[in-house]
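A.B. asks: coords please:
(chains A, B, C and D)
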Number of protein chains: 4
Amino acid sequence: MDRKSNQGDIPTGKFKFFHSVEIRYGDIDAQRHVNNARYFSFMEQARARYLQNLGLWQGRDFDTIGIILAEQRCKYFEPIMYDQEIHVGVRISRLGQKSMDTEYLIQVPGSKSILAFGEAILVAYSYEEGRSIPVPETWLRTIVEFEGL
Amino acid sequence: MDRKSNQGDIPTGKFKFFHSVEIRYGDIDAQRHVNNARYFSFMEQARARYLQNLGLWQGRDFDTIGIILAEQRCKYFEPIMYDQEIHVGVRISRLGQKSMDTEYLIQVPGSKSILAFGEAILVAYSYEEGRSIPVPETWLRTIVEFEGL
Amino acid sequence: MDRKSNQGDIPTGKFKFFHSVEIRYGDIDAQRHVNNARYFSFMEQARARYLQNLGLWQGRDFDTIGIILAEQRCKYFEPIMYDQEIHVGVRISRLGQKSMDTEYLIQVPGSKSILAFGEAILVAYSYEEGRSIPVPETWLRTIVEFEGL
Amino acid sequence: MDRKSNQGDIPTGKFKFFHSVEIRYGDIDAQRHVNNARYFSFMEQARARYLQNLGLWQGRDFDTIGIILAEQRCKYFEPIMYDQEIHVGVRISRLGQKSMDTEYLIQVPGSKSILAFGEAILVAYSYEEGRSIPVPETWLRTIVEFEGL
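C.D. replies: The predicted structure is shown next:
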């Protein structure tokens, strides 16, 4: 199986936000590359920074973030080593009434090679009411404007 | 969006191996449920134990495990709390020439409710040669027999 | 330096509570043994279970645990491997007015060999008031009785 | 207990190397501050960067790092929040024949306030021979020169 055969559909040109992630010694597993589960931590971190960058989250309040993960996936194209510099592109590719599709592009800055590609479906959620809610109006406006949707 | 609407296709009856995972305080994130990335650590742990259970890995040598992840995903149906007991079902649902499709079912033992469902594509790999290889004969025989493929 | 020369003072016979910790593949680092920081996660997990065992915490509420760490340390005597079974002994060795000294003993069950020994100073804390408080009366009574202090 | 009473002995002016650590969402635990075990991951990461900075490790080979931890500790003075910028100072305070004493200072850059202070005893180790060895001559020269010991 050629792990890179399915890179054709990845919209590499559409990412407007990238966040650098420093690989920690502790991210490396017994196979001596970044552990598979850490890719999702990198995606999570880049997503948090994306929201902070758009002014949708201040990084302080954990009761009102208001998004939960319904589903996510990652395609691994190349192993990531401790001594590599990487950044994670984040974009919202689709806005639904109660959900958002997001995409993640892991690359070495300046390189066209794709190390990994992730996708996650986020659902707007009220922790107070314990149920999914419509994506807030301010979020919609901010995201539509930033992403040019 | 109803997060549970897509549970219909999950082959809950086909799992023959389950591994209990103790949720650690450190698995809980600021949202006070198990962090999304830890689900993949749970899947990884259950997969390692599946291979040990089938005698395909002894838990000691990290240079000859010989499988790498090409892709994985997880559907989150319900949050997992610190005080919950869970186990993770593992099965190999398809054997290819160089790859294997695997599935993961996270439940509370004794409950029919599905907390999460994961999928991963594993590729047989030679760390010595640095390339994908055919799934070893002994693996094929052992897995076909165990899974009844 | 003989890493085991300083085992003489460890009160191995005084531990009344042990909690088994399953080593996860993800606990192993590039050196192919358990990562040094994970020992503190194991100690944390055993401490949480100790409190649950004594009925001092139910494992649900994170606003009223009421203890914070002032200081902790770990002595590493032998590396811990993925295929080892371990348990972590926990005891409270000293009760102060606002603090408690705790000790942690990591061993293979049934073996006298000590893999690691930890110590932590816990401070009773009110998250509501944002300051240290006297150790609650019920805690004192329960701990004195359990530990025979 | 005043958690800050014991800051007097910390040699804050002696640190010549600092490494910035980005706090990740995944470093935050249910208490909504950085988890206690992560401080040791931060120290580990800063230590790796210290060695890279001095040219003693290239960040690629995990069989020849040649140092193991005999003991480490951390004093926690203030909780660290997700939205804080921190850096970790690293210094080698004592060179023995086979071991090195190291210290770690966690602060907000530009602030005199100390968030945490760590200490670790490292032992020079040959993974090939499976035993502690004298600290290599090149390490001694480089460290003595850098630290002014």
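A.B. asks: which stretches of chain A have low pLDDT?
C.D. replies: Flagging of chain A using pLDDT under 70 yields the residue ranges A:1-5.
A.B. asks: Now with 50, please.
C.D. replies: For chain A, applying pLDDT under 50 flags the ranges A:1.
A.B. asks: quick one: contacts of the longest helix belonging to chain A?
C.D. replies: The longest helix of chain A (DSSP state H) is helix A:38-53. Helix A:38-53 is contacted from outside by A:17-19, A:21, A:27, A:57-59, A:65, A:72, A:74, A:76, A:80, A:86, A:88-90, A:102, A:104, A:106, A:116, A:118, A:120, B:35-37, B:40, D:22, D:24-26, using C-beta atoms under 8 Å, 6 or more residues apart in numbering or on different chains. C-betas here are computed from N, CA, C, even on glycine.
A.B. asks: how far is it from where the chain is centred?
C.D. replies: Computed by C-alpha atoms, centre = their mean, to the nearest Å, the separation of helix A:38-53 from the middle of its chain amounts to 5 Å.
A.B. asks: next SSE after that helix?
C.D. replies: strand A:67-76 (DSSP states H and E).
A.B. asks: Over to the spatially closest residue to A:Gln72 that is not a sequence neighbour. Which of the three states is it?
C.D. replies: Of all residues beyond its chain neighbours, the one nearest A:Gln72 is A:Ala120 (3.8 Å), with distances taken as C-beta to C-beta, 6 or more residues apart in numbering or on different chains. Three-state call for A:Ala120 (DSSP: H, G, I helix; E, B strand; the rest coil): strand.
A.B. asks: how far off strand A:67-76 does the longest helix of chain A point, in degrees?
C.D. replies: Relative orientation of helix A:38-53 and strand A:67-76, computed by axes from the mean of the first three to the mean of the last three C-alpha atoms, to 10 degrees: 130 degrees.
A.B. asks: Tell me the residues of chain A that contact chain D?
C.D. replies: Counting by C-beta under 8 Å from any C-beta of the partner chain, chain A comes close to chain D at A:21-22, A:24-26, A:28, A:32, A:41, A:44-45, A:48, A:58-60, A:62, A:81-83.
A.B. asks: roughly how far apart are A:Gln97 and A:Glu145?
C.D. replies: 18 Å (C-beta to C-beta, to the nearest Å).
A.B. asks: Please disregard the earlier target; I meant A:Gly59.
C.D. replies: Taking C-beta to C-beta, one finds A:Gly59 at 21 Å from A:Glu145.
A.B. asks: quick one, which of these two is more surrounded?
C.D. replies: It is A:Gly59, of A:Gly59 and A:Glu145, that has more neighbours when counted by other C-beta atoms under 10 Å in any protein chain shown, with 16 against 10.
A.B. asks: So what's the residue count around the closest residue to the more buried one other than its chain neighbours?
C.D. replies: In space, and not counting its chain neighbours, A:Gly59 is closest to D:Asp83: 3.6 Å by C-beta to C-beta, 6+ apart. Using other C-beta under 10 Å, D:Asp83 has 11 other residues around it.
A.B. asks: Pretty sure D:Asp83 sits against A:Phe62.
C.D. replies: No. Counting by C-beta atoms under 8 Å, A:Phe62 is not a contact partner of D:Asp83; they are 11.2 Å apart.
A.B. asks: ok, which residues in chain A are in contact with chain B?
C.D. replies: Going by C-beta under 8 Å from any C-beta, the residues of chain A near chain B are A:1, A:3, A:30-31, A:35-38, A:40-41, A:44, A:62, A:65, A:68-76, A:79, A:96, A:98-99, A:123, A:132.
A.B. asks: In chain A, which residue sits nearest chain B?
C.D. replies: Using C-beta to the nearest C-beta, the single residue of chain A nearest to chain B is A:Arg73, 3.4 Å away.
A.B. asks: Would you mind measuring from that residue to A:Phe42?
C.D. replies: 14 Å.
A.B. asks: ditto for A:Ile23
C.D. replies: 9 Å.
A.B. asks: got it, and A:Lys112?
C.D. replies: Here the criterion is C-beta to C-beta. By it, A:Lys112 lies 19 Å from A:Phe42.
A.B. asks: residue contacts, A:Asn6?
C.D. replies: Applying C-beta under 8 Å, 6+ apart, the residues near A:Asn6 are A:Lys75.
A.B. asks: sec struct for it, please.
C.D. replies: helix.
A.B. asks: A:Tyr82 now?
C.D. replies: coil.
A.B. asks: List the contacts of A:Thr102.
C.D. replies: A:47, A:90-93, A:119-122.
A.B. asks: Can you tell me which of those are buried?
C.D. replies: Buried by 16 or more other C-beta atoms under 10 Å in any protein chain shown: A:47, A:90-92, A:119-122, out of the contacts of A:Thr102.
A.B. asks: what's in contact with stretch A:119-138?
C.D. replies: A:43, A:47, A:56, A:63-64, A:66-74, A:95-104, A:139, B:1, B:3.
A.B. asks: mind running it again at 7 Å?
C.D. replies: A:43, A:63, A:66-73, A:95, A:97-103, B:1 (C-beta atoms under 7 Å, 6 or more residues apart in numbering or on different chains).
A.B. asks: And stretch A:11-19, by the same measure?
C.D. replies: A:45-46, A:49-50, A:53, A:87-91, A:105, A:146.
A.B. asks: D:Ile10: which of these is nearest?
C.D. replies: A:Gln45 (30.3 Å; C-beta to C-beta).
A.B. asks: Pull out the buried members of the residues of chain A next to chain D.
C.D. replies: With neighbours counted using 16+ other C-beta under 10 Å, the residues of chain A next to chain D contain these buried positions: A:21, A:24-26, A:28, A:32, A:41, A:44-45, A:48, A:59, A:62, A:82.
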